[in-house]
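*Asks:* requesting a structural model of the entry that follows:
(one chain, ligands or ions: 1)
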Amino acid sequence: MFGEGSASIEKIICSEAQSLCSILFEAAAVGLALDLSPELTRTVTNVICCLCFNSSYRRGDPEFEATLRYSQGIVDTVAKDSLVDIFPWLQIFPNADLRLLKQCVSIRDSLLQKKYDEHKEDYSDHVQRDLMDALLRAKRSAENNNTAEISAESVGLSDDHLLMTVGDIFGAGVETTTTVLKWAVTYLIHHPQVQRNIQEELDSKVGRDRSPQLSDRGSLPYLEATIREVLRIRPVAPLLIPHVALSDTSIGDFTVRKGTRVIINLWSLHHDEKEWKNPELFDPGRFLNIEGTGLVIPSPSYLPFGAGIRVCLGEALAKMELFLFLSWILQRFTLSIPPGNSLPSLEGKFGVVFQPVKYKVNATPRPGWERNKCQAC
Ligand code: HEM
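*Replies:* Model prediction:
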């Protein structure tokens, strides 16, 4: 999903990259260090909002502020005490986190419902603006072909199904991508040489007269290797998503009976010393060939997007976003922490995604990148 039609998706991502860079230029102009977390969240939210609802949020929009609050509530509570994921019957006991989670999900549902109602009101069979329109069209077509055996409800196209489909895209597509971007910034600040290497690659392959495009991906292997290394060293979903075996099966030598809950320890796969040399070391070079000109995956023990039938649905979109946002930012800015501040912790905070702590960042425009050079792609 989201792999096809990437030209229009690229346009959406570049427009958000441009708006993010404008904010960084404005902050730099007045010497302001920024907590990038809300800026990156809005940027990534807007990409998903454009794809799902053909709309986006401006800075300070009250609806977006509400989105930020409920998202953080969900992130903080879902996997906080993951015992309930392993033993779901534990939810019968009073649980403050579960209560907060339900409140956040209910706020999210009413925001989605509002968007859904607006879409239903101005829906037209002749125009398809976004995913919501595509789902509404499929629903209407199923309703028109309604037979006793096949109804819109039975093929998963009830109002609830449509809302939850879009809810899942938001739930799975915003915090994940935002978190990887935040880890990328954190590691780049810890490793200024890696930042310089990416900037040199950008300068020589893209130059300064135009912005990076998806078609540049093949000629920027060091940046791609850095993204892969961020996804390895700080997987956003360190235990993936809990699964249940639908039939008797096996993994390697282990028998897995139907109904068994299976939790994959991705953290351990990505930090296994038998698979990775110095796994705690941040080293984009491990994803490059010896000449440093091409990409490799040096171990099968690398599954940042999961694998198999439940592999991440948004992998292609996420990779486009990571590449374009990071290349646009690093072409224009050098990232650092304000003088006198200590480097941000690499420890991370465990929740439904594994997030870095908050800290402020100086985005210093690179020589030659005056504000008026912030052009669209
Ligand atoms: C860098 C960003 C992302 C990472 C690292 C990531 C990672 C993952 C992982 C590890 C899983 C679980 C796979 C499993 O349990 O086997 C997953 C599932 C999923 N992801 Fe992503 N994801 C990212 C971005 C996105 C985006 C942008 C979207 C949608 C727009 C998305 C949609 C989904 C969905 C719908 C699932 C559930 C798939 C299923 O159960 O069939 N993800 N993702």
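
*Asks:* state the pLDDT value of the spatially most central residue of the chain.
*Replies:* Centroid-nearest residue in the chain: Thr177, 1.4 Å away (criterion: Cα atoms, centre = their mean). Note on Thr177: pLDDT of 97.

*Asks:* flag the shaky bits of the stretch 1-150 of the chain, pLDDT-wise.
*Replies:* In the predicted model, the stretch 1-150 of the chain carries pLDDT under 70 at residues 1-7, 78-86, 94, 146-150.

*Asks:* can you map out the strands along it?
*Replies:* Applying DSSP state E, counting those that start in this stretch to the stretch 1-150 of the chain gives strands spanning 34-35.

*Asks:* just the helices in it please.
*Replies:* 6-29, 36-53, 62-78, 83-86, 96-121, 131-144 (DSSP state H, counting those that start in this stretch).

*Asks:* give me the longest strand you can find in this structure.
*Replies:* strand 360-365 (DSSP state E).

*Asks:* can you spell out which helices and strands pack onto it?
*Replies:* helix 6-29, strand 34-35, strand 333-336 (3 or more Cβ pairs under 8 Å, 6 or more residues apart in numbering; DSSP states H and E). Using the backbone N, CA and C atoms, a C-beta is placed for each residue, glycine as well.

*Asks:* so which of the helices of the stretch 1-150 of the chain gets nearest the ligand?
*Replies:* helix 36-53 (6.1 Å; Cβ to the nearest ligand atom).

*Asks:* can I get the closest one as CSV, trimmed to CA atoms?
*Replies:* Output of helix 36-53 as CSV, limited to C-alpha atoms (Å, rounded to 0.1, in the frame of the first residue of the first chain):
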residue,chain,number,x,y,z
LEU,A,36,11.4,19.2,17.3
SER,A,37,8.9,16.7,18.6
PRO,A,38,5.6,18.6,17.9
GLU,A,39,7.0,20.0,14.6
LEU,A,40,7.9,16.5,13.3
THR,A,41,4.6,15.1,14.6
ARG,A,42,2.6,17.8,12.7
THR,A,43,4.7,17.2,9.6
VAL,A,44,4.1,13.5,9.6
THR,A,45,0.4,13.9,10.7
ASN,A,46,-0.1,16.2,7.7
VAL,A,47,1.1,13.6,5.2
ILE,A,48,-1.3,11.1,6.6
CYS,A,49,-4.1,13.7,6.8
CYS,A,50,-3.6,14.7,3.2
LEU,A,51,-3.7,11.0,2.1
CYS,A,52,-6.7,10.2,4.2
PHE,A,53,-8.7,13.4,4.3
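
*Asks:* which of the helices of the stretch 1-150 of the chain is buried the deepest?
*Replies:* Ranked by mean neighbour count, the helices of the stretch 1-150 of the chain are led by helix 36-53 with a mean of 23 (mean count of other Cβ atoms under 10 Å).

*Asks:* could the helices of the stretch 1-150 of the chain go into TSV alongside distance to Thr334?
*Replies:* Output for the helices of the stretch 1-150 of the chain, formatted as TSV (distance: least, Cβ to Cβ, whole Å):
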stretch	distance to Thr334
helix 6-29	10
helix 36-53	14
helix 62-78	27
helix 83-86	41
helix 96-121	36
helix 131-144	37
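
*Asks:* can you redo those as CSV with distance to the ligand?
*Replies:* Below are the helices of the stretch 1-150 of the chain laid out as CSV (distance: least, Cβ to the nearest ligand atom, whole Å):
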stretch, distance to the ligand
helix 6-29, 10
helix 36-53, 6
helix 62-78, 13
helix 83-86, 12
helix 96-121, 15
helix 131-144, 9
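
*Asks:* this completes my enquiry, with thanks.
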